[in-house]
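Participant: Sequence first, then the predicted structure:
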Amino acid sequence: TEENDFDSLNKIEKNILFIEMLESQVNNGGFDQYFFNHSGEYPYETIAALKEIKATHITKILEQAIQIFPTSPIPKSLKKRRKQIEDMSQSTLAMWDRLDIAFYAYPDKLEQLLLLYIHNNKNNLE
C-alpha cells in the first residue's frame, strides 16, 4: 500500500517528498490546497525538511501559513482539516493568498537547494 511505501522511506527520501508536495500543492492551488489535501498531514515535517536544505525564507512562509490554521497542532485527519478550512473566513483565507504570492516569488532557490541536498545525500537514496 501507499502508506507502507511511505513508511519504508528513509529521512532524506521523506524530506525530498515533503518539499515536493509543498511545492506542487502550493503552486497548483495555494496554501489552502496544500492543507486541504493529504500534503497537509505533514506541515511540521516539511518545516524540518526545509530547514535541512537551508530554505530559510520558505521555512518562514510555511511557518506563517501554519499559524493561520485555526487549530494547533494541525490535525493529521483529512476530514478534520477539511472541515476547519471550509469554516475559515474569507479574510483568513486571504492571509494565505498573500503567503502564496510570497511563495511564488521563490525567495529561496528551492530547486537548486533540493538538488544540492540530493547530491550531498546520494549515498542514502535508493
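Facilitator: Received, thanks.
Participant: Could I get the contacting residues of Y106?
Facilitator: I58 (C-beta atoms under 8 Å, 6 or more residues apart in numbering). (C-beta placed from N, C-alpha, C; glycine too.)
Participant: Now do the SS call for it.
Facilitator: coil (DSSP: H, G, I helix; E, B strand; the rest coil).
Participant: Tell me how far it lies from L113.
Facilitator: Using C-beta to C-beta, to the nearest Å, one gets 10 Å for the distance from Y106 to L113.
Participant: what's the helix or strand for the one residue sitting closest to the centre of the chain?
Facilitator: When C-alpha atoms, centre = their mean is applied to the chain, the residue found nearest the centroid is L22 (3.5 Å). Following DSSP states H and E, one finds L22 within helix 11-36.
Participant: Check which helices and strands that helix sits against.
Facilitator: Secondary-structure packing of helix 11-36 (3 or more C-beta pairs under 8 Å, 6 or more residues apart in numbering; DSSP states H and E): helix 43-52, helix 56-68, helix 78-86, helix 90-104, helix 110-120.
Participant: now the fourth one against helix 110-120, angle please.
Facilitator: Computed by axes from the mean of the first three to the mean of the last three C-alpha atoms, to 10 degrees, the angle separating helix 90-104 from helix 110-120 equals 60 degrees.
Participant: what do you get for the third one?
Facilitator: Computed with the same axes, to 10 degrees, the direction of helix 78-86 lies at 150 degrees from that of helix 110-120.
Participant: Alright, I will stop here.
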